[in-house]
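> Give me the fold of what follows.
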Amino acid sequence: MALHIQLIAPTLQPTYVGLINTERDALLIVEACLSGKLNHIPRFPLHNEREEIVGSGNVYVYADVSTGEGVWDDGKEWVECGPLGTMIVQRCGSSGDGFFRVSSSYTVQGVAHGFVSYHQAKDVRWDSSHIGHSTRRSMTGQEGRSDNNGAK
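Next up, the predicted model:
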């Protein structure tokens, strides 16, 4: 009798669920991952998970060393709105029904930590005058880098 084993990756769960209104919010989430209070995600989304990950309030943090080579791919087409601090704000969908994706990358002790969050347009509490103003600071207050797409 042959034994057939099918390996099924557990469904990717968000690192955190909640709205990210400021860069400080994002940095607190990354810091919580670094201190072990929250978990980095172990991998990039699988093709069949792409619809599930885009939910208002879903926040994902990953360390480049744990996810390996790849690019964050949620299967959506995003249009860049501009920077919000070091984060890049992108939009998908129509005005009332659309989503925002906010992403960045923070390097801590030589390791890049990707940050991606999703928000329904109706849930966003940003002052649109803040979008388009870029500051580039790392968690230690030193100059850092942020990617245009927030993922490597």
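> Residue 50 against residue 44, yeah?
No - Residue 50 is beyond contact range of residue 44, at 10.1 Å (criterion: Cβ atoms under 8 Å). Every C-beta, even on glycine, is put in place using the N, C-alpha and C of the backbone.
> if you count what's nearby, which of those two comes out ahead?
residue 44 (20 against 14; other Cβ atoms under 10 Å).
> And the pLDDT at that one?
For residue 44, the model assigns a pLDDT of 89.
> do the same with the one 10 residues further on
Predicted confidence (pLDDT) for residue 54: 92.
> Pull the number of nearby residues for it.
Residue 54: 17 surrounding residues under other Cβ under 10 Å.
> For it, grab phi and psi.
Main-chain dihedrals, residue 54, degrees, to the nearest 10: phi -90, psi 90.
> With residue 23 instead?
Backbone torsions of residue 23, given as degrees, to the nearest 10, read phi -60, psi -30.
> pLDDT weak spots in this structure?
Low-confidence segments of the chain (pLDDT under 70): 1, 4-9, 65-70, 95-96, 125-152.
> show me where it has helices.
With DSSP state H as the criterion, the chain has helices at 23-34, 50-53, 64-67.
> Spit out the contact partners of the closest residue to residue 93 other than its chain neighbours.
Nearest residue to residue 93 in three dimensions, chain neighbours excluded: residue 99, at 5.7 Å (Cβ to Cβ, 6 or more residues apart in numbering). The contact partners of residue 99, taken as Cβ atoms under 8 Å, 6 or more residues apart in numbering, are 54, 56, 76, 91, 92, 93, 118, 119, 120, 121.
> can you count the residues close to the fourth one?
Applying the criterion other Cβ under 10 Å, we find 16 residues in the vicinity of residue 91.
> And for residue 57?
Neighbours of residue 57 using other Cβ under 10 Å come to 15.
> if I pick it, what's in contact with it?
14, 17, 18, 19, 117, 118, 119, 123.
> which residues are in contact with both of residue 50 and residue 44?
Contact criterion Cβ under 8 Å, 6+ apart; residues shared by residue 50 and residue 44: residue 73.
> Would you check how far apart the most centrally placed residue in the chain and residue 72 are?
Closest residue to the average C-alpha location of the chain: residue 116 at 0.7 Å, with Cα atoms, centre = their mean. Noted for residue 116: a distance of 6 Å to residue 72, by Cβ to Cβ, to the nearest Å.
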